[in-house]
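1. with the input below, show me the fold.
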Amino acid sequence: MNGRHVTDRVLVLLAGLGLVAGGLVLLDWEPGRVLDLEPVLRTGSARDLLDRDWWPWAQGGAGAVLALLALWWLLAHLPRRGPTRLGLPAPEGSDRVALATGPLGEVLSERVESTGALDHAHVDFARHRGATTATVRARVQQDADLVAVREAVAEVAAEVGAALAGAALAVQFRVAAPRRAGSPRRSRRGTVRLQ
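-> Okay, the predicted model is just below:
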C-alpha cells in the first residue's frame, strides 16, 4: 500500500472517530452520566468573539483554506491515466517519433482476440521508472487449452517486440479463467449492470 492510501485511511479514521466522539457528547449532554455538562449552554464569550472586527476576515480565511484543502484532496484522488504516447527510437538526424497508445491498445487487443485462445482483451498502459508497460487483460476461451494460450501469448509478445524494437515497452499478460458454460452472469430482471 502506498503512502497516499495510508494517509487517506488515517485521515478518514480520525474524522470518523471525531464524529463518533461528537455524537457521544451530544447523547450524554442531558443525562450527564459521563460528562458533567450544564444543561444550559452559555454563549456570552462566543458572542463577544463574533462581535470582533477581525472575526469575519478570519472566518473567510479559514473557509478559503478549507476550500483549497478540499480541492487539493479531490485533485489528488482523480484517476491517473496512463501515458498517451510511446516514444520510438528515431533514425539519426530525424525528428523524434511517438506512437499514440490508444490505437496501439486497440490493435493489440484485437490481435490477442484473433489468436482464438483468448477473448475479452483489454490493454492498459502505465509508466514506471521511465519504462512503459502494456498490461493485456484477457479471458481464456471455453475450448482453449493451456498450450494454445501459452503459444498465443508468446506469439503476440514476439510480434510486439519485433514491431516496436528499441522502444521502452514491456508487455505483461494477465489471463483469467474462462467463464463456466452453464453460469451466465447473475442479474436481476429489469436492471442493467455496467462493468
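
2. gap between stretch 171-179 and the chain center?
-> The gap between the average C-alpha position of stretch 171-179 and the chain average comes to 20 Å, counting by C-alpha atoms, centre = their mean, to the nearest Å.

3. give me the residues contacting it.
-> Contacts with stretch 171-179, where a contact means C-beta atoms under 8 Å, 6 or more residues apart in numbering, come from 118, 133-142, 144, 149, 153, 156-157, 160-161. To be clear about C-beta, it is placed using only N, CA and C from the backbone, and glycine gets the same treatment.

4. flag the shaky bits of this protein, pLDDT-wise.
-> Judged by pLDDT under 70, the chain has its weakly predicted residues at 1-4, 37-39, 41, 80, 93-95, 181-195.

5. what kind of secondary structure is the residue nearest the centre of it in?
-> By C-alpha atoms, centre = their mean, the chain has its centre lying nearest to P79, at 4.7 Å. Look at P79: counting by DSSP: H, G, I helix; E, B strand; the rest coil, its state is coil.

6. for it, give its distance to R42.
-> Look at P79 and R42: by C-beta to C-beta, to the nearest Å, they are 49 Å apart.

7. likewise for A58?
-> 22 Å.

8. out of these two, name the residue with the larger neighbour count.
-> A58 (11 against 8; other C-beta atoms under 10 Å).

9. mind checking how far that one is from L66?
-> The value you get for A58 to L66, if C-beta to C-beta is used, is 13 Å.

10. one step back: and the contacts of stretch 171-179, which of them are buried?
-> Those of the contacts of stretch 171-179 that meet the buried threshold are 118, 133-141, 144, 149, 153, 156-157, 160, by 16 or more other C-beta atoms under 10 Å.

11. out of the residues you listed, which sit inside helices?
-> Using DSSP state H to define helices, the subset of the buried ones among the contacts of stretch 171-179 located there is 149, 153, 156-157, 160.

12. just give me the closest of those residues to G102.
-> Ranking these by separation from G102, with C-beta to C-beta as the measure, puts V160 on top at 15.8 Å.

13. grab the nearest non-local neighbour of that closest one.
-> Sequence neighbours aside, V171 is the residue nearest to V160 in space, at 5.2 Å (criterion: C-beta to C-beta, 6 or more residues apart in numbering).

14. SS state for that neighbour?
-> Here V171 is recorded as strand under three-state DSSP.

15. now A62
-> In terms of secondary structure, A62 is helix; the call rests on three-state DSSP.

16. residues touching it, list them.
-> Taking C-beta under 8 Å, 6+ apart, we find A62 in contact with no residue.
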